[in-house]
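>>> What shape does this take:
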Amino acid sequence: MNLYKISQNENNNYDTYDTLIVVAKNVDDARSIHPYPDGWLPGSITGNAWASSSAYVKVTLIGKALNTLEEGTVVCASFNAG
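Prediction:
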């Protein structure tokens with residue numbers, strides 16, 4: 001497993017995520033990880049908290065993940081609270 005930095009700037013209003021550090025096997029798997037599985041942040045006034053499509057997600061490999069981390073784990077997230 002690898003560690004990836006994934007980021008988006010499509011949705012950059014209040015109550016959105018701009019960057020996540022995630023555990024994934026490859027770039028495509030990393031790109032498909034979302035901070036909320038249904039795409040909506042509970043209680044958000046702006047709606048979508050992440051990119052509307054994986055096509056808007058930039059992915060950068062940053063290293064190897066520990067064997068104890070599961071695929072799909074969000075290790076760290078940058079959230080723009082409003």
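>>> Mind jotting down where the helices sit in the chain?
Assigned by DSSP state H, the chain shows helices spanning 27-31.
>>> Show me which strand runs longest in it.
strand 16-24 (DSSP state E).
>>> for it, which positions count as buried?
16-18, 20-24 (16 or more other CB atoms under 10 Å). To be clear about C-beta, it is placed using only N, CA and C from the backbone, and glycine gets the same treatment.
>>> For the nearest residue in space to residue 77 that is not next to it in sequence, list each beta-bridge partner.
Closest residue to residue 77 apart from its sequence neighbours, by CB to CB, 6 or more residues apart in numbering: residue 20 at 5.0 Å. Assessed by DSSP bridges, residue 20 has beta-bridge partners residue 6, residue 77.
>>> you'd agree residue 20 is up against residue 73?
No - taking CB atoms under 8 Å as the definition, residue 20 is not a contact partner of residue 73, at 10.1 Å.
>>> quick revisit: now find how far off-centre the longest strand of the chain is within its chain.
Centroid displacement of strand 16-24 relative to its chain, using CA atoms, centre = their mean, to the nearest Å, is 3 Å.
>>> any idea which of the buried residues of strand 16-24 is the one closest to residue 62?
Using CB to CB, residue 21 comes nearest to residue 62 of the buried residues of strand 16-24, at 7.2 Å.
>>> How about the contacts made by the closest one?
3-6, 62, 74-77 (CB atoms under 8 Å, 6 or more residues apart in numbering).
>>> which residues in this protein form strands?
Listed in chain order, the strands of the chain (DSSP E) span 2-7, 16-24, 58-64, 74-80.
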